[in-house]
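# Test case, fold it:
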Amino acid sequence: MLPTHVTLVEVGPRDGLQNEAQPVATADKARLVGLLQHAGLTQIEVTSFVSPKWVPQMADNAAVMAAIERRPGVRYSVLTPNLKGLEAALADPATRPDEVVVFGAASEAFSQKNINCSVAESIERFAPVVQAAHAAGLRVRAALSCALGCPYEGDVSPDAVERVVRLFKQLGVDHLGVADTIGVGTPRRVQAAMERALKHFPLAEVSGHFHDTYGQALANVYACLEMGVHVFDASVAGLGGCPYAKGATGNVATEDVVYLLQGLGIETGIDLDRLVDAGHFISGVLGRAPVSRVARAMLAKRQVSA
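Next up, the predicted model:
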């Protein structure tokens, strides 16, 4: 039995834009958020409070949060890699998010290569962040990266996934996202990873995050729908990529997921035409066509009928 309603978490403004080499103006980022909520998105990951030395694209994090037009019923989240990032996000009421995102990998090799510590150590470092966020009245969402595969050690087992799920549960996060960071997962393997997450978190607090490197992201979304999972990350216009996987096309395109869900009769509350407009806008800013196949088809159809 498939769910009747799905919530999409729009990660384009943060996960999508963070790897873009060309700077995107603060006003354009704020406008993108405005267009996305106009299309009906109710959960938007806006920016990252990370050192600009590591992610120059997110250097204007506070300015973007201050510039967005906040709407009732929309949850705005930010990535906070450490306590310093959280403190910066909370420094001014104008920049305050509703939710923060923390992260940890299911792969020891990935953790060691990228942050020079073990998985357990990396997650333990988030303990003060989670405590402080909850004390400030914020929700905490965890992203479990490399849940299906790692660029350094290959396939990641469900046992490795469950070990990190337990660590996040002990940390006290409110929500767990299972992420196929390099886009190598296939439906049965995705279901096996999701089963481990669902042993420790309620169905409503587990989500899927699928990159489309090997063209499997929509199939993986459907595999999760079969399990009753009804929250997914997606990126408008298919923005983004993965710096660890050559040829990665970024997160699954929001337009493509909405089209799939509409075809299944599943409610999202999202206006697909307005969503295509949002993707068209930011793709224009970046000087390229949307990666989303649905967006490209709908934009071509508009030109024919114009």
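
# Do you have the helices of the stretch 151-300 of the chain handy? List them.
158-171, 187-198, 217-226, 254-263, 272-286, 293-305 (DSSP state H, counting those that start in this stretch).

# ok, and the closest non-adjacent residue to Ala217?
Distances taken as CB to CB, 6 or more residues apart in numbering put Val252 closest to Ala217, at 3.6 Å, once the chain neighbours are dropped. Where C-beta positions appear, they are placed from N, C-alpha and C, glycine not excepted.

# Next one, pLDDT for that neighbour please.
Reported pLDDT at Val252 in the predicted model: 97.

# Would you point out the helix or strand in the chain whose mean pLDDT is lowest?
helix 108-115 (a mean of 85; mean pLDDT, DSSP states H and E).

# Dump stretch 289-297 to PDB, keeping only the CA atoms.
Extracted C-alpha coordinates of stretch 289-297, given in PDB (Å, rounded to 0.1, in the frame of the first residue of the first chain):
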ATOM      1  CA  ALA A 289      19.400  23.900 -18.900                       C
ATOM      2  CA  PRO A 290      17.800  22.100 -16.000                       C
ATOM      3  CA  VAL A 291      19.000  18.500 -15.400                       C
ATOM      4  CA  SER A 292      15.400  17.500 -14.700                       C
ATOM      5  CA  ARG A 293      13.900  15.600 -17.600                       C
ATOM      6  CA  VAL A 294      10.400  16.600 -16.600                       C
ATOM      7  CA  ALA A 295      11.400  20.200 -16.600                       C
ATOM      8  CA  ARG A 296      13.100  20.000 -20.000                       C
ATOM      9  CA  ALA A 297      10.000  18.300 -21.500                       C
END
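
# How far away from the center of its chain is the least confident helix or strand of the chain?
20 Å (CA atoms, centre = their mean, to the nearest Å).

# All further residue positions should be reported with the first residue as 447.
Sure, I'll start counting at 447 from here, so that last one is helix 554-561.

# That one packs against which elements?
strand 545-551, helix 565-570 (3 or more CB pairs under 8 Å, 6 or more residues apart in numbering; DSSP states H and E).

# what's it in contact with?
For helix 554-561, contacts defined as CB atoms under 8 Å, 6 or more residues apart in numbering pick out 550-551, 563-565, 568, 591-592, 596-599, 690.

# quick one: the residue nearest to Ala663 and Val667 touch, right?
Yes. The criterion here is CB atoms under 8 Å, and Val698 meets it with Val667 at 6.6 Å.

# so what sits against both of these two?
Common neighbours of Val698 and Val667 (CB under 8 Å, 6+ apart) are Phe656, Phe678.

# Neighbour count: those two, which is higher?
Taking neighbours as other CB atoms under 10 Å, Val698 and Val667 compare with Val698 leading, 29 against 22.

# how close does that one get to Val496?
23 Å (CB to CB, to the nearest Å).

# I'd like the helices and strands packed on helix 554-561 as CSV, with mean neighbour count, distance to Val524 and mean pLDDT appended.
Below are the helices and strands packed on helix 554-561 laid out as CSV (neighbours: other CB atoms under 10 Å; distance: least, CB to CB, whole Å; pLDDT from 0 to 100):
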stretch, mean neighbour count, distance to Val524, mean pLDDT
strand 545-551, 24, 6, 95
helix 565-570, 19, 19, 91
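
# hang on, the earlier thing: so who does the residue nearest to Ala663 touch?
Taking CB under 8 Å, 6+ apart, one finds Phe656, His657, Asp658, Ala663, Leu664, Val667, Phe678, Ala680, Ser681, Gly684 in contact with Val698.

# if we go to 7 Å?
Going by CB atoms under 7 Å, 6 or more residues apart in numbering, Val698 touches Phe656, Asp658, Ala663, Leu664, Val667, Ala680.

# In contact with Gly725, which residues are there?
The contact partners of Gly725, taken as CB under 7 Å, 6+ apart, are Val682, Ala683, Glu701, Pro736, Ser738, Ala741.

# and if we set it to 6 Å?
Val682, Ala683, Glu701, Pro736, Ala741 (CB atoms under 6 Å, 6 or more residues apart in numbering).

# ok, and the most crowded of those residues?
Busiest of those [other CB under 10 Å] is Val682, holding 35 neighbours.

# my read: that one touches Ala699, true?
No. Using CB atoms under 6 Å, Val682 makes no contact with Ala699, being 7.2 Å away.

# Against Arg460, how distant is Gly550?
Distance from Gly550 to Arg460, by CB to CB: 17 Å.

# Pro459 against Val492, yeah?
Yes. Under the criterion of CB under 6 Å, Pro459 makes contact with Val492 at 5.3 Å.
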